[in-house]
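Kindly generate the corresponding structure for this input.
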Amino acid sequence: LASLRNIGPEGIEFASERCLLRFAMLKNCPAWIITDKARVNAQARRMDGQRWEHIGAKAWTLPGAWASWPIGITEARDFPTIALCEGGGDFLAAHYLVLCEQATHPAKRDVQCSPVAMLGASQRIHADALPMFAGKRVRIFGHDDEAGRGAVERWAAQLASVGAVVDAFSFAGLQQVDGKPVKDLNDSLLMDAASFVQAGRMLP
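Numbering: from 1, shown residues only. Got it, this is the predicted structure:
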């Protein structure tokens, strides 16, 4: 999975340790699943990166899941800051970045920021989850496209309504080492040197 998503294995391990990442065989395919300890929400992707044949999409929200539930919000209870990510790939990337930016050693977990995932730009944050963001500093990492920008505005308004301190990170102008634009947090792990300097510290 680290190789598939270009994410340092430390980030994969951290998400797994927090019970926010699981692996399974689904529809006869090895899969990785973003979920939470209570399994309120769960979304699966194939390990080969291909689409699920039965839905024609790469991301499959599993039956019975609350698609609008922010994964990781319960686990963020004791953290002062939150990185609110769009999608599972960015959620895993945030686990890697938080270790790089905040941990005193790669093997330690002494960080202040907790990644939380909204699995889909069209979703609104579930009303029952909103109070858990109250008083937190939240930085939103939406994708750099029309749907992502709409999601950032929608989530920011919801979070502000419960007293969260909110801002958003912009990927505009950032570039990957292959010359492609950085569109999301997962892409940012492949930034070129100039973009790395421009972006600076990314997580709150």
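
show me where the chain has strands.
With strands called from DSSP state E, the chain shows them at 21-26, 29-35, 42-46, 60-61, 81-86, 113-118, 137-141, 165-168.

could these go into a markdown table alongside mean pLDDT and mean neighbour count?
(Glycine included, C-beta is placed from N, CA and C.) Formatted as a markdown table, the strands of the chain follow (pLDDT from 0 to 100; neighbours: other C-beta atoms under 10 Å):
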| stretch | mean pLDDT | mean neighbour count |
| --- | --- | --- |
| strand 21-26 | 97 | 14 |
| strand 29-35 | 97 | 19 |
| strand 42-46 | 97 | 22 |
| strand 60-61 | 96 | 18 |
| strand 81-86 | 98 | 27 |
| strand 113-118 | 98 | 27 |
| strand 137-141 | 98 | 22 |
| strand 165-168 | 98 | 16 |
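
list the buried ones in the lowest-mean-pLDDT helix or strand in the chain?
One helix or strand of the chain scores below all others by mean pLDDT, DSSP states H and E: helix 2-5, with a mean of 93. By 16 or more other C-beta atoms under 10 Å, the buried positions in helix 2-5 come out as R5.

elements contacting that helix?
helix 9-17, helix 88-102 (3 or more C-beta pairs under 8 Å, 6 or more residues apart in numbering; DSSP states H and E).

pLDDT on the last one, on average?
Along helix 88-102, the predicted local confidence has a mean pLDDT of 97.
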